[in-house]
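> No letters, just coordinates:
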């Protein structure tokens, strides 16, 4: 028995064909688009209907895929995504809808006079970097906004030959891109920017790609505008947090020396004392006074005195452990808070501070100045009960003794 000739299809009774079409329509209504209708060879109304149903199933499948992708992007944006996150989602999800090797996004300036490259992803090195800016007036992009239609350039090398002054075209050709689909983004009648789909192949884009984009452009533009507004809010919030941190820093710092001010160092002293009491630990307060500081001011001027104070503050702060603190207590006096240390460790630490100050060489107005300092130490033992004021009083007595004994000394009292 010989096989049937090519193009031959066995006759199917009309009622069976109608039944299969009915099942296909029902399946598509329920979201199942792969209906699998048999190929129709008959050139009759039922045959044409079968082919139309197959074409409709393919079209619905494609549109449903677009809808799913756009809904996923919308859900991510609604969840607080930024502009870059939205564009990353498009890059990762739209390959089956629009062919591309590269996607770029440029946003209009607030006054709509220029276009600035904001984002791009590609499977090749980028030549147009974020921040690349070009004026809008007189450019081909301005014409795209005026028409509201996507623009297809399927031979960018030829376009560059006729527009040699186009820096963006030259750079994109250097990236290896040969065709592009430029899509205007307009949200609520407000131009937002442009989305560029680019391919390394010539003749990559057709009118159907324009139709695909126009189908999603409104929603996509709104998403990008919403994302940009969210980014602006995020940036403003970050600016606010930064300003708050700056104010907090300024509120705790001494304007001249940059170390903690009196209020902040006393707060550290109180907190460390309470912690030491809870843990039955030793801690110390150290008062430091720059020796003969009045003579420095009288002989060299107050600016020279300021330079010495800054240098002494730097020497003290630079020779303490990270969890110890020092602040300007007032005038030429400094207060250091030394955490959890036995008396021998405290004395060794303060002796290191004394030597660091004594070795200073401060250049000011052509002169080289030096300084020494006296240190009074009050060490709280593990079992003693003293408040900050009482410890400060003991540290002050120790400091007076150091100065009385000749200065540039460390004197310690344990209580």
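That came in fine, so what should we check first? Just so you know, these numbers come straight off a predicted model, no measurement behind them.

> burial of residue 68, as a residue count?
For residue 68, the count of nearby residues is 11 (other C-beta atoms under 10 Å). (C-beta placed from N, C-alpha, C; glycine too.)

> repeat for residue 152
Residue 152: 17 neighbours (other C-beta under 10 Å).

> and residue 281, that one's in a strand?
No - counting by DSSP: H, G, I helix; E, B strand; the rest coil, residue 281 is located in no strand; its state is coil.

> ok, the spatially closest residue to it that is not a sequence neighbour to residue 104 distance?
Nearest residue to residue 281 in three dimensions, chain neighbours excluded: residue 340, at 4.7 Å (C-beta to C-beta, 6 or more residues apart in numbering). Remark: distance between residue 340 and residue 104 (C-beta to C-beta, to the nearest Å) = 57 Å.

> Equivalent analysis for residue 303, please.
Following C-beta to C-beta, the distance that separates residue 303 from residue 104 is 55 Å.

> Ok, residue 409 next?
To residue 104, residue 409 is 70 Å away according to C-beta to C-beta.

> Which parts of the stretch 151-300 of the chain are strands?
Here the stretch 151-300 of the chain has its strands, by DSSP state E, counting those that start in this stretch, at 151-153, 179-187, 190-199, 283-290.

> Quick check: buried residues in stretch 98-113?
Residues 98-108 are the ones in stretch 98-113 that count as buried (16 or more other C-beta atoms under 10 Å).

> so where's the stretch 101-250 of the chain shaky on pLDDT?
Low-confidence segments of the stretch 101-250 of the chain (pLDDT under 70): 208-220.

> same thing but at 90, please
Residue ranges of the stretch 101-250 of the chain with pLDDT under 90: 107, 110-112, 137-140, 143, 145-150, 165-166, 183-193, 195, 205-237, 239-250.

> mind listing the helices for it?
140-147, 156-162, 167-174, 207-252 (DSSP state H, counting those that start in this stretch).

> before we move on, the earlier item: give me the distance between the residue nearest to residue 281 and residue 272.
On the measure of C-beta to C-beta, residue 340 and residue 272 end up 9 Å apart.

> Show me which of the two is the more surrounded one.
The neighbour comparison of residue 340 against residue 272 (other C-beta under 10 Å) goes to residue 272, with 23 against 16.

> for the more buried one, what are its contacts?
283, 337, 339 (C-beta atoms under 8 Å, 6 or more residues apart in numbering).

> For it, give its distance to residue 23.
Per C-beta to C-beta, residue 272 is found 81 Å from residue 23.
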